[in-house]
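Student: Take this sequence and fold it.
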Amino acid sequence: MIKVVVVGGGWAGCAAALAASKAGAQVVLLERTDLLLGTGLVGGIFRNNGRFTAAEEAIAMGGGDLFVAMDANARHRGINFPGHSHASFYDVTTMEPLVKKILQNYGIDIKTRVRVSTVVKYGKKIQYLSDDNEEVIEGDAFVDTTGTSGPMGNCLKYGNGCAMCILRCPTFGPRVSVTAKAEVKEVMGKKADGTYGAMSGSCKINKDSLSPELKDKLEKEGMVVIPLPENLKKTGMLGKKACTQYAIADYAENIVLIDTGHAKLMTPFFPLDALRTIPGLERARYEDPYSGGIGNSIRYLGIAPCDNSLKVEGIDNLFCAGEKSGILVGHTEAVVTGLLAGHNAVRYCLDMQYLELPNELASGDFIRFIHQQMETEDGIKQRYTFSGAAYFAHMKKTGLYSARREEINERVAKAGLTDVYNVCLV
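Tutor: Next up is the predicted model:
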């Protein structure tokens, strides 16, 4: 039986493992920490704007298990908030065990607290990996979904210090890139001012630290907007955000809170003393990062050069997904790329032609668009997502955006890709 090893258990890694298993491989999923989902442990937003289209494409192609799980675990549905329509918010406090159970039901071998330390190659192929305990992990194909942030030194060098507590790199060791360990030169994203990286786009506040009135309103409506006084407006921070779909005036001039189990604060950081001057937030305490009054994690410091099948350049049996595959933002984007990478890892093992999603589908157009834009000086400074900024504008202009399930299903059928991820290839 062919064996696929996925390194990194965030949304992209979970999707890659799922797709490889459905295609017939024996799959091992390695995660550095003791929890899956990575930054998905503190995210929670999906189906907003063009993410609805992308999620429904994945479902029609047979890769919808993770989106179905998000839907089942949603605290709120059909929410409109500044710049976004028909959003759903999953509960970040209960999502991880549900996803883990789904993967286990597919027979995926999940190994947590495993940090890859060595990549051994022969020519242009990875032979095996080894971890910090010198345990050898062999595979026929590998998928790198290790992300692009950390270790702490990088956050301090390029940003406001490592503050994204969900990564917990001091506890479980710093992140390791399989691509870099395979001696492939990675790409670094830039901020608008030309410096490297981008700051994570939001913080989380403990909901119990809100006033009872504000907490009740947030849980009832799913979203609250609080106008800021003039002296607290934050226009100068917009260019620092990884999530440029939120780099609009609404988020500089208001406190925007979203109910994802915690109170998601749509800003990369906000000084605690200033935050506590706002009515309802007098007792506010950050849940993630704990130092959200000062800074947040810096990302896009290690992107793998890859083609539109998500095969990493220079290594025959290495694929990538999530932020590793381009300057992209979001859980939906991670899942879409993860499904393709995991599926193509099995195709490699069977000497089959790789699947490239066509431009007629938003998912295929998205991957090509990112890779084309990253070749330009301006493009390397942008962030790409189905939910806003440059790509969502492109999506609407080309007619790829749709919130009609039947129309999306018809597109997938016309492309000949209905249930493609449900087919066992082995």
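Student: Can you list the buried residues in stretch 129-148?
Tutor: Buried residues in stretch 129-148, counted by 16 or more other CB atoms under 10 Å: 129, 131, 137, 139-148. Backbone N, C-alpha and C define where each C-beta goes, glycine included.
Student: just those now: which is nearest residue 423?
Tutor: Nearest to residue 423, judged by CB to CB, of the buried residues of stretch 129-148 is residue 141 at 17.4 Å.
Student: what residues are up against the residue nearest to the closest one when sequence neighbours are not counted?
Tutor: In space, and not counting its chain neighbours, residue 141 is closest to residue 345: 4.0 Å by CB to CB, 6 or more residues apart in numbering. Applying CB atoms under 8 Å, 6 or more residues apart in numbering to residue 345 gives the contacts 4, 16, 20, 25, 141-143, 317, 319.
Student: I'd say residue 185 and residue 303 touch.
Tutor: No: Residue 185 is not in contact with residue 303 according to CB atoms under 8 Å; the separation is 10.5 Å.
Student: Mind checking which of the buried residues of stretch 129-148 are in helices?
Tutor: Within the buried residues of stretch 129-148, no residue falls in helices by DSSP state H.
Student: Of all pairs in these, which one spans the longest distance?
Tutor: Longest span within the buried residues of stretch 129-148, CB to CB: 140 and 148, 25.7 Å.
Student: Can you tell me the SS state at the nearest residue to residue 171 once chain neighbours are set aside?
Tutor: Nearest non-adjacent residue to residue 171, counting by CB to CB, 6+ apart: residue 33, 7.7 Å away. Of the three states, residue 33 takes coil under DSSP: H, G, I helix; E, B strand; the rest coil.
Student: OK, contacts around residue 33?
Tutor: Per CB under 8 Å, 6+ apart, neighbours of residue 33: 9, 112-113, 167-168, 171-172.
Student: Which one of the residues you listed is nearest to residue 419?
Tutor: Closest to residue 419, out of all of the contacts of residue 33 and judged by CB to CB, is residue 9, at 25.7 Å.
Student: Which one of residue 185 and residue 303 is surrounded by more residues?
Tutor: residue 303 (25 against 10; other CB atoms under 10 Å).
Student: in terms of contact, does that one touch residue 321 like I think?
Tutor: No: between residue 303 and residue 321 there is no contact under CB under 8 Å: 11.5 Å.
Student: neighbours around residue 315, how many?
Tutor: Around residue 315 there are 24 residues (other CB under 10 Å).
Student: nearest spatial neighbour of it, skipping sequence neighbours?
Tutor: residue 182 (5.3 Å).
Student: Ok, residue 335 next?
Tutor: residue 15 (4.3 Å).
Student: Please apply the same query to residue 323.
Tutor: Leaving out its chain neighbours, the residue that sits closest to residue 323 by CB to CB, 6+ apart is residue 148, at 4.4 Å.
Student: From the chain's centroid, how far away is stretch 12-22?
Tutor: Taking the mean of its C-alpha atoms, stretch 12-22 sits 14 Å from the chain's own mean (CA atoms, centre = their mean, to the nearest Å).
Student: For residue 45, see how far away the residue nearest to residue 141 is.
Tutor: Using CB to CB, to the nearest Å, residue 345 is found at 28 Å from residue 45.
Student: what's the answer for residue 139, then?
Tutor: 33 Å.
Student: hmm, back to that, which ones among the buried residues of stretch 129-148 lie within strands?
Tutor: In strands, defined here by DSSP state E, the members of the buried residues of stretch 129-148 are 129, 131, 137, 141-144.
Student: Tell me, how many residues neighbour residue 273?
Tutor: Taking other CB under 10 Å as the criterion, the count of residues near residue 273 is 8.
Student: Phi, psi for it please.
Tutor: phi -60, psi -40 (degrees, to the nearest 10).
Student: State the helix or strand in which the nearest residue to it once chain neighbours are set aside lies.
Tutor: Leaving out its chain neighbours, the residue that sits closest to residue 273 by CB to CB, 6+ apart is residue 293, at 7.5 Å. For residue 293, there is no host helix or strand (DSSP states H and E).
Student: for residue 319, which residues make a bridge with it?
Tutor: Under DSSP bridges, the beta-bridge partners of residue 319 are residue 143, residue 311.
Student: and it, how many neighbours does it have?
Tutor: Residue 319, neighbours per other CB under 10 Å, totals 34.
Student: looking at it, it is touching residue 341, isn't it?
Tutor: Yes: counting by CB under 8 Å, residue 319 touches residue 341, with 4.2 Å between them.
Student: and for the two, which residues touch both?
Tutor: With CB under 8 Å, 6+ apart, residue 319 and residue 341 have common neighbours 16, 143, 310.
Student: mind checking the SS state of the spatially closest residue to residue 59 that is not a sequence neighbour?
Tutor: Of all residues not flanking residue 59 in the chain, residue 67 sits nearest, at 5.9 Å (CB to CB, 6+ apart). Under three-state DSSP, residue 67 falls in the helix class.
Student: Since that was my last question, I'll sign off now.
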